[in-house]
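Engineer: This is a predicted model, with the sequence first.
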Amino acid sequence: MTASVLMPLIVLLSSLVPAVLIFLLPADRHWLRGAMSLGGATLKLAIVAIMLWGVFHEQTYRLTIPFLPGLPLTLHADALSMFLITLSALLWLFTTIYAIGYLDNAPHRRRFFGFFSLCVSATVGIALAGDLLTFLVFYELLTLTTYPLVAHRGSAKALQAARTYLTYTLGGGAVLLLATVWLYHVAGTLAFREQGFLNGLVAEQGPTLTVIFFLLIAGFGVKAALVPLHGWLPKAMVAPAPVSALLHAVAVVKAGAFGIVRVVSDVYGIETSDQMGLLLPLTLAASFTIVYGSVRALAQDDLKRRLAYSTVSQVSYIALGLSLGSPIAALGGIVHLVHQGVMKITLFFCAGNLAESAGIYRVSQMRGIGRRMPWTMAAFTVAAFGMIGIPPLAGFVSKWHLGVGAAAANQGWVIAVLVTSGLLNAAYFLPIIHTAWFAVENSVNGKSDDHKDAAEAKWPLLAPALFTAALSMIIGLFATADASPLTWATLIMRREFGL
Amino acid sequence: MTVWAFDILALLALVWLAWRAMTARRIEVAVVTFLPYGLLMALVWARLRAPDIAIAEAAIGAGLTTALLIAAANRIRRRSAYERAADTAAASSRSADARLGGWGKQLVGAVLACVVGGLLAAAVANLPAQQAGLSPQVEANLSDSGAGNPVTAVLLNFRGYDTLLEIAVLLLALIGVMQLRRETPGPVVSAEQRHSLVLDSLVHVIVPLIVIVSGYLLWRGGDAPGGAFQAGALLAGAGVLLILNKQARPAWLSARVVRAFVAAGLLMFGGVALNVMWTGRNLLEYPIELAKPLILAIEAAATVSIAVILTMLFGGVLTPHRAPSLQGGAS
Amino acid sequence: MSDFLANILSHGGVWLLVIALPMTVAALATIRGARRYVPLLAPWATLPALVVALWAPAGVVADVPWFLLGAQFGLDETGRVFLFLTATIWFIGGVYAQSRSFRDHAGTHFFVLFLLTMAGNLGLVVSLDMASFYMWFAVMTFASYGLVIHSRSPSVMRAGRVYIAMAVIGEVVLFAAMVVLAQSAGTANFEQAQLAGVSPDRWRLVSVLSLLGLGVKAGVIGLHMWMPLSYRAAPTPAAAVMSGAMINAALIGWLRLLPFGQVELPVVGGLFTGLGLLAAFAGVFIGLMQRHPKAVLAYSSVSQMGTMVAALGVALQSAGRWQFALGAVLIYALHHALAKAALFLAQGLSEQAVPSRASRWLTQLALVMPALSLAGAPWTSGALAKAGLKSEIALSSSVWSDWLITLLPIAAVGTVLLMVRFVCLSWPGKAAISQQAAPLPAAISACVMVTLSYSTVWLWPNAGPANAAEVASSPKALWAGAYPVLAGIAIAWLGVKTIKPVRLAPNRLTLPAGDIVVLIEKAGKRLFRLIGKQAINRSATPRQPLA
Amino acid sequence: MIGVGAETWLILCIALPFTLAVAAYVVGPRANLYVAWLAGLAIPLASAGLCYGVVTEGAIRYAVGGWDQPLGIALHADVLSGLMVLLSAVVGLVTCLYGHRYLGGADDASSRSYWPLWLMLWGALNALFLAGDAFNVYVTLELVTLASVGLVAMTGKAVSVRASFRYLILALAGSLAYLLGVALLYAQHGVLDLVMLGEQLGTDWASVAACAAVTVGLILKAALFPMHFWLPAAHGSAPAPVSAVLSALVVKASFYLVLRYWLDVFPASVTDVGSFVLSGLGAAAIIWGSVQALRTPRLKLLVAYSTVAQLGYLFLVLPLLRDAAQRDAVVTGLICLALAHGLAKAGAFMAAGAMQRVAGDDGMHGLRGVSVSTPVAVFAFALAGISLMGLPPAGGFGAKWVLLDASIASDNWLIAAIMLAGGLLAAGYIFRFIRVAFHTEEFAGSVVTRHRTLEWSAMALALAALLMGFLVEPISIWVANAGAAGTTQLAEVVP
Amino acid sequence: MLYAFGGVALVCLGLYGLVALEHMLRRILAVNVMGTGVFLILIASAARAEGAPDPVPHAMVLTGIVVAVSATALAVALACRVAEQEQEGRPEGEVKP
C-alpha cells in the first residue's frame, strides 16, 4: 500500500532532488555533482526495475496530489508509463556519464546538470501522468527545463534556436491547454483509461470530440515534430551533444510522441478513434512527415542537422503505428518509442564524439574518420543501420510490426511509405558510413591534416555510445525474449486492446 | 428669493473663480485666486448649514492650501523659468497658450467633462428628494457618544475609525514631503534677514491669539461646530506665520520631540482605540461614562499633531533644504 | 563416428556455430593481438557449415523463440545444397585470398568484411523464418559493399554506389514482400506461411514484390545493372563468392518465399518466365559487347540466372511436379554457382603473372574447363544440369514450356558465344611470366574449384531425376549438349573471320558495363540539378558548424 | 480575550503595521532592524491567524466602536479579503527582508522614510482589504495612494519623482471619482455599509451612475488600459522592493475593490454592456501591455508593463461573473490569479532589483549574460515568469485553468482565446529577458558582488507563486463553502 | 439641490482642467476644484432634508478636506522637486551627490 504510493514519488524525486541539490551546490564541486547525478540515475534505475516487476504482476502504483478543483495530479504507473520511464531512466544514466565527460572543463556546468536532471524529472512525470492534466503539467515543465539546455552555449545562435524552440512548444502548449480544458468540460474527467474514456460520448459529442482530438494532436505534434510543426527541431541542434541526445531520444520529442500515444490509446481509445474516423488524417500526417523528414535530411551536410531531420522522420513512426488502428501496428509504433530512443541517442553520442574529439561537424569532413575513431564510428554504423531498419537491429523490429500492421489494416500504401522511408534513410545514412569508413582521407581540397590529431574519444564519451549501440542490437536480436521492449509493448497492447 | 439669488450668484462666482484658479495666465494669479475660492466655499458651507466644514475650509482649504500653493509657486519661480516646470509632455507640444495642453487634450477634456457632467447631472436629478440618511441613528445615539455636536460624535465615535486612519493620512503626507527635502544645506540666512520688524511684532501678537482661539475651538468642538481639525488648522496657521518669520527653533524642540508631537495624535487615538479592547470591548468602543474625557484627550492630542503636521507640511514645501544632521526635524 | 557426428549435428546449437564462427573470427579483429590471424582463419570459418551440409541429418530444426521475432534455423534438402555450395565457394574463395600478394595488399578489414558477408550468406541459407533470413540477407548485402569497393578507385566507387543503391532498393522491397506475407499468413515462418492458405491475391502481391526484391540480387533484367559493375570492381575472391554464392541467396529466397507446389500463379509465373527468358538473351547480347572479361561473366550470370528464373516461373504455373522441378533447379544452381566461381577464380589467376609456362598452361585449362561446363558441353556438369532442367520443363503443364524448350538451346548457343568471348578476353599472353610470382593458394584454389565444378553435380546424391546421370550420358543427350557448343564455336569462328578484330572489340560494338545504369545516372544527375539547386546553393555557402 | 479569536487577529492585522510604522517614524532609523523583524514576523502571523479563522469559521464581521451598522463602521473578513491579507503578508514578509538588505540598513538616507511608509502601506492595504464600509474604503484608498507615492519618490531620482507626481494626480482623481460614487450612493440610500448597499441597490439611473463612478475611479487606480499610462513609469522607477509591493499589492487592492463591489454591492446594477466594456479593456490591456513589454528597453519597465497586461486578465473575465453557474469558479480563478500574480510579480521585481544591483543598470543591454553573476535571481525571475505565463504547476496556471473552464462552459470563446494568447505573449516577454540573461557569450559584468538575501527573497516568492497552483483546490472549496453558506458572501453578520 | 448641480459643474471643471492643463500646480488646483465639487454634492444632498442636516456627510467631508490638503502638500512638494530637477538640467540623474 505504502509502496504503491511511494514508488512513483521516489522515482520522480530521484532526479528532482539531485537537481535541486545541484543548483544549491557551489559551482566548483564537480566531483560531488557528478556523484549526485549518477547516484540519482542509478537509484532511479533500481526503482524502475522494481516497479517493472510490480507492474508486470499487475500491482498498481498510484499517487494523487490535490491540485486543481476536482482534478488532482495523478502519478500512475501502468505498462505504458513504465515503458517510457525505463527508457528515460536507462538513457539518463548513459547521458549523464556522457555529459560529465563531454562538459569536462566547460563553463556553467552546474546550471547544465541541474536542468538536465529537471528535464528528466519532467519526462518521468510525463510518463507517470495518470491523466491529461498531469501530463500537461509535466509537458510544460519539460518545455521550460529544456530551454536553458538548448540555450546553454549562450551564443546568439543558440539563443535564437532556443527562442524558436520555445515559440513552437509554448504555442503547442497553449493549444493543448485549450483542448484539455475543453475535453474536461465535455467529458468531466481526464483520467487515462485503457481503451479510452470517451466511448459513451461519441454519439452526442462527435464533432466536438473530433475538433478536440485534432487540437490535442496539434499540441503534441509540435514536440513530436509532425510536419509542419517540426521547424524547431533542426534549429535546436545548436545545443551541446548530450542535450541533443536527450532531446531527441528521450525527452522532448518522445514526450510529444508519447502524448499522441496517450491520446489515441488512453483518451479516445484506438478502436473508438478508428470508428470516429480520426486516425486516417493522423496516418497521412505521419506518413508525410516520415517522407518529408527523410527528404530534408538528404540535403544536410551538417551532421547533427541531418540527424535532426532523421528524428523528424523517425518519430512519426510512433504516430503512424498508433494511427493504423491495428494492434500489431500499434505495437510497432509503441515499441519504436524505445527503439528510436536507443538508436538515436547513439547517433548523437557519436556526433558529439566527432565534434568533441575531432572537431568534425559535417558529413563532408568525415572522410576516413572511421580509421581514427573506429569505436565511435562502429557505434554510429550500428545505430544508423538500425535506423534504416536493417535486422537484427532494433529499427527492424519496429518497422516489421508497422509493416505487418499496415497490411493487417489493409493500408498497403503505408508499406510503400515504409519502403520509401527505408530507401531514404539508407540514402542519407549510408553515405555517412561510406565516407567515414571507405572514403580516402585527403582528397578534399588537398588538406590532409583535417583531423590528423584526431584520436578515439575518451571513455566517458565512448562507453555510453557503445552501450547504447550494443543495446540497440540486443533489443533487436532478442526482441522476443522475455524482458525485451517488444515483449513489454505486447503486454501494453494486450492490456490496451483488452485481449 | 434673496437666498436663491445668493445661491445662484455664489455658485456662478465659485465656478468663475475655479476657472480662474486653474487657467489664469500667470500662475501666481491662479494660485492666489484659490484663496477667494476657498473663502467663498466656506460661505457656501455655512449656507448649507455646515459650520464645521466652513471653519475647516476657511482654515485648511482656503488658508493652508493656498499658502502651500503660493509657496510652491514662489519656489518654482525663484528657480526661474517656471514654464519649464510644466509637465514633461508639455515641453514637447508647446501650444500658443502655455497654460493649456494641445488641442487634443483640450478637446478630450471638454468632451469628457461634458459627458460626465451630463451623466452626473442626470444622476443627481434622479436622487430621491428626501433621504434622511443616518441622522436619525446619530440623533438616537448622540447621548451615548460623549459629544454633543453630532459631527464630532460621528467623527470621533461613530466613525472614529475613519478619523483615526485620516490622521495616519496626514502623517503619511508628512513623511512623503519630508523625504523629498534635500540633504544639502540651504542658503545661509543672515540674522538681519531673519528678523523683519513688522512680521516679528505681528507674530508676537497673533500667535498667542491663535493659540487661545484654537484652544477654544477644541474645547467647544464637543458640543458645537469646531473640533480638533479646525483647532489644529488654526494652530498650524500660527506655525506657518512662525515659519514665514523664520523663527529659530527652540532648542528643546529636537527632531525627535517634533516627531513625538507629530505622532502624538495617532498614538493617543490608536492607544485609546486598542486599549478599550482589554475590557472586552470592540475596537474604539469607548465606555459610555468615559466617552467624553477620552474624546477630549484624543482631540487634544490630535490637535497638536494636526497643527505640527500641517505646519511642517508647509515648511517642507517652503524650505526645500535640510541640514544633513537633522533628521525629520521641523523648521 | 558418424553416429556421434550425427548426434552432435542434430543438436540445434550447431546452427549457432555455422553462423557464429565467421562472426567470431571477424570479431577477433577488434583485439589488437589477434588481428593478424584473421586473414589466416578466414577460410576455415566455413568449416562447420561444410560439415553440417555434408553430414547433418535433414530436418534438424532449432527453434529460437527469443531471437529476433522468434527465429528458426534448420536444414532441409534445399538448404543442404545451398549450404554446401555456399560454404564451398566461400572456403575456396577464402583460400584464394590467402595469396600473399593479395593478402598483404588487402589488409585485415577486407577479411573482416569477407567474414561478415560470409556469415550473412551462410546464415540466410539456414534461416527458416523471414526475419532471420532478412537479417542475414542484409548483413551479407551491406558487408559485401566493402568488398565491392575494396580498391577505392573512382570507377570502383561508382560501382559501389550503384551496387548499394540497388541493394537497398532490393532490401526494402523484399521487406515489403515479407511483411505482406507475414501478415497474410499470420506467421513469419517460411514453411508455415506456405501452408497457411494465403489468398492467391496476396500471393501474387508477395510474388511480384519478391521478384523485385530478390531480383536485384539475382540480376533479373532491369535490376541487373549493378552486376557487371560490381563484379568487375570487386577483387577476384570477392567476385567469385558474389557470383557463385551470394547470387544464389536470391534463388533460395524465392524457393523459401513462394508457394511452389502449393498454389498455381499463372500470371506471375508467366512474368517470371518472360523476364527470365529476356534476361537469358539480353545477357548474352550485352555480354558479347563487353570488353572486360569480368563484365562478360557478369552478363553470363544475368543470362544464367534468367534461365533459372524462367524455370521457376514455369514451376509456379504447375504446382504438381514441384518436387521434381525443385531437384532440377537445385542441380542447375549448384552447377552454375561452382562453375561461375571457378571462372572468376580462373580469370583472377589469368591476370596474375605466373612463374612458369606450365602454370600458364594450367591457367588456360582452368579458364576453358568451367567455360565448357557452363556452355553445357557433354559430360560436363552443365550438360547434366541443363538436361535435367529441360526435361522438367518439358513435363510441366505450363503454356510456356514449348517456348522454353525451343528457346533454351538457342540461349545455350549464346552462352557458348559468351564463353568464347570470355576466354578470348582473358587468355593469358606470353609476357606474363615472372619468377617471383607464386600465387600458390590462388592457383590451388582455382584448380580445386574447377574440379569441384565438374565433379560435385555428378556426386551429389539425389541430384535431379533418379536416372539423370544415365540420361545425360545417353547419345541423345550428348548430342543435345554438343550441338549448341559446336554451333557456338562455329558462329564465333565465323564472327572472328567476318568481323576481324573481335578480340579488340571495336568501340562501335561495345556497350558500357551496366548498360542502362548510365542512362539512369544521367537522368538522376539532371533531376538532382533541378530539385537540389536550392540545397546545393545552401550548402555551397559556408555555414556555421553546429555542435 | 486577546490571543485567540479571529477578530483579534483581524484587529492586529491592521493595528500592528500602523503601530510599528509610528514606532519606526518616532524612533528613527536606529529601530529599522527591529521593526523589520518584528513586522516581518508579527504581521504575517496575525494575517495567517485571520485567514485561518476565516477559512474555518466563515466570514467575520466586526463592528468598530461597537456601533451597529449602518451607524458604525464594519470590518469585514471573508475568504476573498482573508486571502488578500495573506497575500500581503507573504509579500510583506519577504519585502521586509529584501527591503532591509536592499536599502543598506540604517545609514542609507532613503531608508529613513522607507519603513514608516512601507509599514503604513501594509497597514493601509490590510485595512482596505478588511473594510466593509464605502467611505472607510475611500480613506484606506487614500492611505494606500499616499504611501505608495511616497515610496515611489523615495529615491528622489527625477524619473521617479516625476512618475510619482503623475501617479499621485491620477490616483487622486481616481479616489475622487470613487468618492463621487460613494456620495451618490449615500445620497440615494443613506447608508455606507457595503452589505446594506448591496441589498438596496437597484437598476435606477443614480445607482448605475454610482456604479460607473466607483468602477471608473477604481480602474483608474488599478491601471486598467487605457488608464494604465501612469503605471509603468511609477513601478519601473521605484526601488525594487517598492515596485514589488506596488505591482503585487497596491494595484491588486483596487482590483480587489472592483471585485468586491461587483460581487457584493453591484450585482443588481451592473449591466452586460458594462461588464463587456471592462472585459474589452482587459483584453486590450493584455495585448497592449504585452506588446509594450516586448518593446521596452529596460527590465523593470518590462515587468511593469507585464503588470498592465496581467491586470487585464482580471478584468477580462468579469463578464463570466454574470453566469450564476460559473460564479464560484470565476471567483476562485480571480482570487488565484490575483494571488499568483502578486507573488510572481513581487518575485520578478525583486529579482530584477537584485540583477540591477549587480549589473548597475536595468537596461536590457547591460544585463546580457547576467545569469552568470546572479543565477538565483534569473532563476527566480524565470520561475515567476512561469506563473505569469500561466504554465503549470504555477498558480497562474491553476487560475487560468479554472477561468478557461468557466469561459468554455459559458461559451465565451473569445475570452478563452485571449487568455491563451496572453499567456503566449507573456512567454514572449519573459523569455525576451531570459534570452538576454543567457547571452553569456558577451557577458561583461563581474561576479564579485553577490546579494544572496535579495536573490533568495525573490526566489522564495517565485517558488511560492509556483506552488500556489496547489492552493487552487482549497481555495475553490473555501469559495464554494462561503457561497453555499449564504446568498452573498457578506451576508452573515457576526453578532 | 442647486448646490449639487454646482458641485457637478465643479467636478466637470476639475476634470477638464485635469485633462487639458499641463502645468503641475494647475493640475493640483484642478484636483482640488474637483474635490470641492464632490464635497459640494455630498453636502448638498445631505442638506435636502428638512431640519438638522445629516452629520455623517459632514464628517466625511471634513475627513475629505484633510485628506485633500495632505495630498495637495505632497503633490506640491513633488511638483517643486520636479521643477528643480528640470532646471538643474539633469532630469535623469541622481539628485544626491
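Structural biologist: Cool, got the structure. All values derive from a computational prediction rather than experimental measurement.
Engineer: how much space between the closest residue to residue A:352 other than its chain neighbours and residue E:67?
Structural biologist: Excluding its sequence neighbours, the residue lying closest to residue A:352 (CB to CB, 6 or more residues apart in numbering or on different chains) is residue A:241, at 2.5 Å. Any C-beta I mention is one placed from the backbone N, CA and C, and that applies to glycine too. As judged by CB to CB, to the nearest Å, residue A:241 and residue E:67 stand 66 Å apart.
Engineer: For the chain, which segments count as strands?
Structural biologist: Since no chain was named, I'll use chain A. A:61-68, A:71-77 (DSSP state E).
Engineer: not quite, I wanted chain C
Structural biologist: Listed in chain order, the strands of chain C (DSSP E) span C:61-64, C:71-74.
Engineer: Just send the ones you listed back as a markdown table, with mean pLDDT too.
Structural biologist: Conversion of those to a markdown table gives the following (pLDDT from 0 to 100):
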| stretch | mean pLDDT |
| --- | --- |
| strand C:61-64 | 83 |
| strand C:71-74 | 86 |
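Engineer: out of the ones you listed, deepest packed?
Structural biologist: Across those, the average number of neighbours (mean count of other CB atoms under 10 Å in any protein chain shown) peaks for strand C:71-74, which reaches a mean of 24.
Engineer: So for the residue in the stretch 151-300 of chain D that chain B sits nearest to, what's the nearest residue that isn't a sequence neighbour?
Structural biologist: Residue of the stretch 151-300 of chain D nearest chain B, by CB to the nearest CB: residue D:209 (3.5 Å). Residue nearest to residue D:209 in three dimensions, not counting chain neighbours: residue B:123, with 3.5 Å by CB to CB, 6+ apart.
Engineer: mind listing what that neighbour touches?
Structural biologist: Shown in contact with residue B:123 (CB atoms under 8 Å, 6 or more residues apart in numbering or on different chains): D:184, D:205-206, D:209-210.
Engineer: mind checking pLDDT for residue D:486?
Structural biologist: With respect to pLDDT, residue D:486 scores 46.
Engineer: interface residues of the stretch 101-250 of chain B facing chain D?
Structural biologist: Within the stretch 101-250 of chain B, the residues that sit near chain D (CB under 8 Å from any CB of the partner chain) are B:119-120, B:122-124, B:126-128, B:131-134, B:137-138, B:141, B:157-162, B:165-166, B:168-169, B:171-173, B:175-176, B:178-180, B:182-183.
Engineer: Which among those residues count as buried?
Structural biologist: Using 16 or more other CB atoms under 10 Å in any protein chain shown as the burial test, those include B:119-120, B:123-124, B:127, B:131, B:133-134, B:137-138, B:141, B:157-162, B:165-166, B:168-169, B:171-173, B:175-176, B:178-180 as buried.
Engineer: Now stretch C:444-453: buried residues?
Structural biologist: In stretch C:444-453, counting by 16+ other CB under 10 Å, buried: C:445-450, C:452-453.
Engineer: Take the residues you listed and keep only those in helices.
Structural biologist: Among those, the residues falling in helices (DSSP state H) are C:445-450, C:452-453.
Engineer: With respect to residue C:346, which of the residues you listed is nearest?
Structural biologist: Nearest to residue C:346 among those, counting by CB to CB, is residue C:446 at 5.2 Å.
Engineer: Which residues are in contact with residue 82?
Structural biologist: Answering for chain A, as no chain was given. A:48, A:51-52, A:55, A:127, A:488.
Engineer: Can you look at chain E instead?
Structural biologist: By CB under 8 Å, 6+ apart, the contact set of residue E:82 is B:85, D:158, D:161-162, D:165, E:24.
Engineer: which strands and helices sit next to the helix or strand where residue B:315 lies?
Structural biologist: Under the criterion of DSSP states H and E, residue B:315 resides in helix B:291-318. Applying 3 or more CB pairs under 8 Å, 6 or more residues apart in numbering or on different chains; DSSP states H and E, one finds that helix B:291-318 contacts helix B:65-78, helix B:160-179, helix B:197-220, helix B:228-244, helix B:255-275, helix E:55-87.
Engineer: now do 6 Å
Structural biologist: Helices and strands touching helix B:291-318, by 3 or more CB pairs under 6 Å, 6 or more residues apart in numbering or on different chains; DSSP states H and E, are helix B:65-78, helix B:160-179, helix B:228-244, helix B:255-275, helix E:55-87.
Engineer: ok, and for the shortest one, which residues are buried?
Structural biologist: What it means is helix B:65-78. B:65-76.
Engineer: contacts with chain E among the residues you listed, please.
Structural biologist: B:65, B:68, B:72, B:75-76 (CB under 6 Å from any CB of the partner chain).
Engineer: which one among those gets closest to residue C:479?
Structural biologist: Nearest member of those to residue C:479, counting by CB to CB, is residue B:76, at 133.2 Å.
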